[in-house]
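Enquirer: Any chance you can model this:
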Amino acid sequence: MNSWLMVAALVIIAALAGYAAYLHWLLYRRNKPADKPVSTSAGSNAKVGVVDPAVPGVQRVAIKRSLYLLADALLDDKLTHTEGCLRICAIAASLEDQELIRREYGVLFRVAEATAHIPILDAWQALSREDKQRFDRERKAVEAKYNDAVIEAAQRIKAHYSL
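Expert: As a prediction, the model looks like this:
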């Protein structure tokens, strides 16, 4: 009886592994044309958004999708400009041409750097009401200062990384 269960378990595992391999192959085939980098040499006219060829294709597509969705959420006021800038900059750090992105979308990095000291999550919850209000005023002042430039950068990200 035990050997029968062992054989049944192995058959199920093999079937699931085969199905997983098939799905992986479909994803690979679907994303293969998009995986070709525009340029991989540092001295050439590389476009913003070229990712390291060592990064798997599925991950490159996920990075581009994340940048697009964050820019879209920022434009739809689903995120504050501060949160959107922090998230976009964190994701952009995984791209090969970080310096080009920093030049192209520098305002996002300026907002992120200007507000990086503001506590988040549990540290935010631990703040006094006065400290929260002070940080909120500071955040809103930075957002107001860079409002138009952040919106313009988010629109360019959406256009560049369109789905």
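Enquirer: Which helix or strand lies directly C-terminal to the helix or strand encompassing L86?
Expert: Using DSSP states H and E, L86 maps to helix 81-92. The helix or strand immediately downstream of helix 81-92 is helix 98-104, counting by DSSP H and E.
Enquirer: and the helix or strand hosting A21, what does it pack onto?
Expert: Applying DSSP H and E as the criterion places A21 in helix 2-31. In terms of contacts (3 or more Cβ pairs under 8 Å, 6 or more residues apart in numbering; DSSP states H and E), helix 2-31 is packed against helix 57-75. For every residue, glycine as well, the C-beta is placed using N, CA and C.
Enquirer: tell me the mean pLDDT for the helix it packs on?
Expert: Helix 57-75 shows a mean pLDDT of 88.
Enquirer: for it, packing partners?
Expert: Using 3+ Cβ pairs under 8 Å, 6+ apart: helix 57-75 touches helix 2-31, helix 81-92, helix 129-160.
Enquirer: to the chain's geometric centre, what's the distance from stretch 21-29?
Expert: Remark: stretch 21-29 is offset 23 Å from the chain centroid, using Cα atoms, centre = their mean, to the nearest Å.
Enquirer: mind exporting that stretch as PDB, just the C-alpha atoms?
Expert: The C-alpha trace of stretch 21-29 is given here as PDB (Å, rounded to 0.1, in the frame of the first residue of the first chain):
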ATOM      1  CA  ALA A  21       8.000  24.000 -16.900                       C
ATOM      2  CA  TYR A  22       5.400  24.500 -19.700                       C
ATOM      3  CA  LEU A  23       4.200  27.800 -18.100                       C
ATOM      4  CA  HIS A  24       7.800  29.000 -17.700                       C
ATOM      5  CA  TRP A  25       8.400  28.200 -21.400                       C
ATOM      6  CA  LEU A  26       5.300  30.200 -22.400                       C
ATOM      7  CA  LEU A  27       6.400  33.200 -20.400                       C
ATOM      8  CA  TYR A  28       9.900  33.000 -21.900                       C
ATOM      9  CA  ARG A  29       8.500  32.800 -25.400                       C
END
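Enquirer: How is this protein divided into domains?
Expert: Structural domains annotated on the chain: 1-33, 58-163, as defined by automatic domain parsing.
Enquirer: Per-residue confidence, N45, what does it come out as?
Expert: N45 is assigned 39 on the pLDDT scale.
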